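S.K.: Below is the structure, and that's it, no one-letter string:
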DNA sequence: TTTT
DNA sequence: TTTT
């Protein structure tokens, strides 16, 4: 609940249409991948332009909003929490995934 | 450079002493792992208490600060950028790592 | 509701004990003043150390928390919204007040 | 310098064209007023829609950007610090002003 | 004084 | 009016 202990804010563009699943009768979840076009300083003090990709997870009302209004290329601003989880893939290799559990979303740019 | 496009803020406790490396003659980098004790709602609407672990990377002045003042159990507040990179491990498996590149750090709690 | 449109985060020290009022039977409101010790660059590019004072307003659960646990000198971290309102003072002069409506609060530093 | 101690983020619309002044030979400052359309819960737990107006101050590069690209109605996202100052007006009344000293700015919405 |  |  506390935004002060774990908070992520991103502004970026969807790399693909949202993947939306319905769980049971009325739970809905959407997975979104967004790119942030960023610049930072590397270990040599050089400014590096870099695109970072982020995995977002949206539930319920926000999942419905993604399903209805967001498409590949849409620009959004989000706030959420940084979460990590692990799973074992088909080859038996343990994998780690970091995702942003979105709690607030604003659509930016051109309204289609 | 833009905090508005990619920004993470965390308050939490170090799980271990910082790992500090010196690169070349005067570059320094520190790796830190912190736990945020967090609560959120799962897909059933239940409140879940969960500890999340985050990998932080600090360069130069901030790395020196970590080396000198931070230890396992220290409480800190940080701001930074969410970054991801991939590498191939010893078994030839491609791995993804998500890290926070720290740009601001405050020490909290008891000063030792 | 949207943290993305209007969000303030402050870490600082209470200048006085909280002023707490009860409204009607069960509404409670607390007013707090905190100092942030800050540095920024002025119009000459000089770094200026400056203390800023901020007026915080807390309702209900957060007001109770302030009443019970916060005192002059306490260090806190808060998130909230920037709000302004005007009123006419005793001399008939229109006054403007800017306050932060607090939505999240963490106590920092020494626990008494 | 520390974003962690004093940080404001706003997304909103300019109420007027920026007021830009040149100070001395090469210092430039811009004053902007933006509206955030916000909702919060009042003391009765009712959701209140409210427009808040905020005074922004931009120096140098950001002032030039405002002068060249921002107009009444433009939508922007900003990060900055909350600052307050007082002055005595023509009638001899002491006035307090709260402003956001902007450190980062993104233009949103339709590009004219 | 803005905008959806 | 706070604190480091």
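M.R.: Sure thing, it's come through. On a predicted model such as this, the values are computed, not experimentally measured, just so you know.
S.K.: Without its sequence neighbours, what residue ends up closest to the residue nearest the centre of chain A?
M.R.: Central residue of chain A (C-alpha atoms, centre = their mean): residue A:56, 2.2 Å from the mean position. Using C-beta to C-beta, 6 or more residues apart in numbering or on different chains and skipping residues adjacent in sequence, the residue nearest residue A:56 is residue A:32, 4.3 Å away. Where C-beta positions appear, they are placed from N, C-alpha and C, glycine not excepted.
S.K.: Would you map the strands across chain A?
M.R.: A:6-14, A:19-23, A:27-41, A:47-59, A:75-88, A:94-108 (DSSP state E).
S.K.: Which of the ones you listed sits closest to residue C:50?
M.R.: Minimum separation from residue C:50 across the strands of chain A (C-beta to C-beta) falls at strand A:6-14, 25.9 Å.
S.K.: any low-confidence regions in chain A?
M.R.: In the predicted model, chain A carries pLDDT under 70 at residues A:1, A:40, A:110-112.
S.K.: and the residue in chain A positioned nearest to chain B, what does it touch?
M.R.: Nearest residue of chain A to chain B, counting by C-beta to the nearest C-beta: residue A:98, 3.7 Å away. Contacts for residue A:98 were tallied using C-beta atoms under 8 Å, 6 or more residues apart in numbering or on different chains; they are A:55, A:82-84, B:84, B:98.
S.K.: what sits against the nearest residue to residue A:34 once chain neighbours are set aside?
M.R.: Leaving aside its sequence neighbours, residue A:34 sits nearest to residue A:12 (C-beta to C-beta, 6+ apart; 4.0 Å). By C-beta under 8 Å, 6+ apart, the residues touching residue A:12 are A:34-37, A:54, A:75-76, B:5-6.
S.K.: In the contacts of residue A:98, find the pair that's most separated.
M.R.: The farthest-apart pair in the contacts of residue A:98, when distances are taken by C-beta to C-beta, is A:83 and B:84, at 14.2 Å.
S.K.: Flag every residue of chain A that's near chain D.
M.R.: Counting by C-beta under 8 Å from any C-beta of the partner chain, chain A comes close to chain D at A:9, A:11, A:77, A:106, A:108-110.
S.K.: beta partners of residue A:10?
M.R.: residue A:78, residue B:6 (DSSP bridges).
S.K.: number of nearby residues for it?
M.R.: Applying other C-beta atoms under 10 Å in any protein chain shown, we find 25 residues neighbouring residue A:10.
S.K.: ok, now the one 5 residues further on?
M.R.: A total of 14 residues lie near residue A:15 under the criterion other C-beta under 10 Å.
S.K.: Next one: it relative to residue C:57, how far apart?
M.R.: Using C-beta to C-beta, to the nearest Å, residue A:15 is found at 41 Å from residue C:57.
S.K.: Can you tell me which residues in chain A are near chain B?
M.R.: Residues of chain A lying close to chain B by C-beta under 8 Å from any C-beta are A:1-2, A:4-12, A:23, A:27, A:29, A:36-41, A:43-44, A:47, A:50, A:52-54, A:59, A:81-84, A:91, A:93, A:95-98, A:100-101.
S.K.: Only the buried subset of those, as a ChimeraX command please.
M.R.: Here is the ChimeraX command that selects the buried residues among the residues of chain A next to chain B (16 or more other C-beta atoms under 10 Å in any protein chain shown):
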select /A:2,4,5,6,7,8,9,10,11,12,29,36,38,40,52,54,59,81,82,83,98,100,101
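S.K.: For DNA strand F, what's the nearest residue on chain A?
M.R.: As assessed by C-beta to the nearest atom of the strand, DNA strand F sits closest to residue A:4 within chain A, at 18.6 Å.
S.K.: Hmm, that residue is touching residue C:76, no?
M.R.: No. If you go by C-beta atoms under 8 Å, residue A:4 and residue C:76 don't touch, sitting 9.9 Å apart.
S.K.: where's the nearest residue to residue A:102 once chain neighbours are set aside relative to residue C:108, distance?
M.R.: Nearest residue to residue A:102, sequence neighbours excluded (C-beta to C-beta, 6+ apart): residue A:80, at 4.1 Å. For residue A:80, the distance to residue C:108 equals 24 Å [C-beta to C-beta].
S.K.: Comparing those two, which residue is more hemmed in?
M.R.: More neighbours surround residue A:80 than the other of residue A:80 and residue C:108, with 24 against 18 (other C-beta under 10 Å).
S.K.: Would you check that that one makes contact with residue B:8?
M.R.: No. Between residue A:80 and residue B:8 there is no contact under C-beta under 8 Å: 10.3 Å.
S.K.: Give the residues shared as contacts by the two.
M.R.: A:7-8.
S.K.: wait, what's in contact with residue A:3?
M.R.: The contact partners of residue A:3, by C-beta under 8 Å, 6+ apart, come to A:79, C:3, C:79, C:103-104.
S.K.: Go again with 6 Å.
M.R.: Residue A:3 makes contact with C:79, C:104, according to C-beta atoms under 6 Å, 6 or more residues apart in numbering or on different chains.
S.K.: do residue A:70 as well
M.R.: Contacts for residue A:70 were tallied using C-beta under 6 Å, 6+ apart; they are A:14, A:18.
S.K.: ok, what's across the strand from residue A:96?
M.R.: Beta-bridge partners of residue A:96, as defined by DSSP bridges: residue A:86.
S.K.: Relative to residue A:100, how far out is the closest residue to residue A:22 other than its chain neighbours?
M.R.: Of all residues not flanking residue A:22 in the chain, residue A:28 sits nearest, at 5.3 Å (C-beta to C-beta, 6+ apart). Counting by C-beta to C-beta, the separation of residue A:28 from residue A:100 is 17 Å.
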